[in-house]
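*Asks:* what would the 3D arrangement of this be:
(chains A, B, C and D)
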There are 2 protein chains.
Amino acid sequence: MSKFRETAMKSLSGDGHDHVSCVAEALQRAEDICAARGARLTKLRRHVLQLIWESGHAPIGAYELLRRLDKEHASAVPPTVYRALDFLIEQGLVHRIESLNAFVGCASPQEEHVGQFLICQSCGTAAEMNDARIDRAIEKVAAELGFATNGRVIEVRGLCPACRGAEA
Amino acid sequence: MSKFRETAMKSLSGDGHDHVSCVAEALQRAEDICAARGARLTKLRRHVLQLIWESGHAPIGAYELLRRLDKEHASAVPPTVYRALDFLIEQGLVHRIESLNAFVGCASPQEEHVGQFLICQSCGTAAEMNDARIDRAIEKVAAELGFATNGRVIEVRGLCPACRGAEA
DNA sequence: CGATCTATCGTTACAGTATAACATTATAAA
DNA sequence: TTTATAATGTTATACTGTAACGATAGATCG
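*Replies:* This is a model prediction of the structure:
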């Protein structure tokens, strides 16, 4: 398994990637984190989080979530999903990918971090780098200009190892 | 003048910032670049570019451009402005700010670069860093993961020196 | 020059993304 | 229980972006 895939699919089970367990683990982590904070991971919010993870490490749009939610939640409308997303993002369980208007599960919700993503243009997989060297480089340049940072968007497009190999 | 302002307002005239000249210089640069390439900077495209620069180093949305364009161009509709933006971006004269759905004039359209922005949440000013150290850090991490990069979004939110000072 | 080809622009319609505002229900706290 | 607060339901609408096709204007070539 490539380092890219390892990074994208952090909660891997052994060598392959058992995505069913991966989703289950992500949901369990979310339960634990919310319980510890007294935040309410309601049925609806949990369902949205599950759909995000079931998208398989590829960012998914709000309206696609809405379509999938609709199957078991007839009253779902845009505010339904956007409010759930607001909560999940606030709790650090989900990241928004600005360049795609889409959402992806956070790989390490327990740790403080901004999101730094590598996004494959072919398969759609997004891997969270969260590399301190990149953070430091940015902080350094910002500091040199007297700029106080307060959040950032780091989204790198390109091709993951698997899709590079598969090219004609 | 702070380094941030110097960076944001690269074509500064002396110590202060003569924005009228700044806009004129940006338009002249664009004329030159397009002429050299045989690209057609039409009246419409030039007008949109001018409106972007007249926004004063703060990113401006497509529909706000449309409203301003409308005053002298009654037939303007969304495709009018989006097509002009497509051209300007393709020519490297304008950058899109993904996290704001907005557009800003490129500070150095002659040089090859991706856009790296510091964006003040208070005054809206966007400064282009284009720092090679940040590029290198990102390329390094991507390479370690076997990821071939092909474009990126680097947008740092925060407070510029002037707005930090002005805080209560 | 006139015919032709292509890029640009006009025009209509619509798709996709996101939020405001207020009513209702469920949960927690007193 | 009563009360307060958080969450959800509901309707409507705002904002952002594109598809598709026709009309026009500039370039190219005989």
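*Asks:* name the nearest residue to A:Ile154, sequence neighbours excluded.
*Replies:* A:Gln116 (4.1 Å; Cβ to Cβ, 6 or more residues apart in numbering or on different chains). Every C-beta, even on glycine, is put in place using the N, C-alpha and C of the backbone.
*Asks:* which elements pack onto the longest strand along chain A?
*Replies:* Looking across chain A with DSSP state E, the single longest strand is strand A:148-159. In terms of contacts (3 or more Cβ pairs under 8 Å, 6 or more residues apart in numbering or on different chains; DSSP states H and E), strand A:148-159 is packed against strand A:116-120, helix A:132-144, helix B:132-144, strand B:148-159.
*Asks:* hey, C-alpha coordinates of the third one in CSV?
*Replies:* It stands for helix B:132-144. The C-alpha trace of helix B:132-144 is given here as CSV (Å, rounded to 0.1, in the frame of the first residue of the first chain):
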residue,chain,number,x,y,z
ALA,B,132,9.3,29.4,-2.7
ARG,B,133,9.8,28.0,0.8
ILE,B,134,6.1,27.2,1.1
ASP,B,135,6.1,25.6,-2.3
ARG,B,136,9.1,23.5,-1.5
ALA,B,137,7.6,22.3,1.8
ILE,B,138,4.5,21.2,0.0
GLU,B,139,6.3,19.6,-2.9
LYS,B,140,8.5,17.7,-0.4
VAL,B,141,5.6,16.2,1.6
ALA,B,142,3.7,15.4,-1.6
ALA,B,143,6.8,13.7,-3.0
GLU,B,144,7.2,11.7,0.1
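*Asks:* do you know how far A:Asp70 is from A:Leu49?
*Replies:* 17 Å (Cβ to Cβ, to the nearest Å).
*Asks:* before we move on, the earlier item: export the longest strand of chain A as PDB, just CAs?
*Replies:* The C-alpha coordinates for strand A:148-159 follow below in PDB (Å, rounded to 0.1, in the frame of the first residue of the first chain):
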ATOM      1  CA  ALA A 148      -1.500  37.100  12.300                       C
ATOM      2  CA  THR A 149      -2.900  33.800  10.900                       C
ATOM      3  CA  ASN A 150      -6.200  32.500  12.000                       C
ATOM      4  CA  GLY A 151      -7.000  29.500   9.800                       C
ATOM      5  CA  ARG A 152      -6.100  28.400   6.300                       C
ATOM      6  CA  VAL A 153      -6.900  26.400   3.300                       C
ATOM      7  CA  ILE A 154      -4.300  24.100   1.900                       C
ATOM      8  CA  GLU A 155      -5.500  22.000  -0.900                       C
ATOM      9  CA  VAL A 156      -3.100  20.400  -3.400                       C
ATOM     10  CA  ARG A 157      -4.500  18.900  -6.600                       C
ATOM     11  CA  GLY A 158      -2.800  16.200  -8.500                       C
ATOM     12  CA  LEU A 159      -2.500  12.400  -9.000                       C
END
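*Asks:* the longest helix seen in chain A near DNA strand C anywhere?
*Replies:* In terms of residue count, the longest helix belonging to chain A (DSSP state H) is helix A:19-37. No: Helix A:19-37 is not in contact with DNA strand C by Cβ under 7 Å from any atom of the strand; minimum separation 10.7 Å.
*Asks:* identify all contacting residues around that helix.
*Replies:* A:9, A:11-13, A:39-41, A:46, A:49-50, A:53-54, A:56, A:91-93, A:105, A:109-110 (Cβ atoms under 8 Å, 6 or more residues apart in numbering or on different chains).
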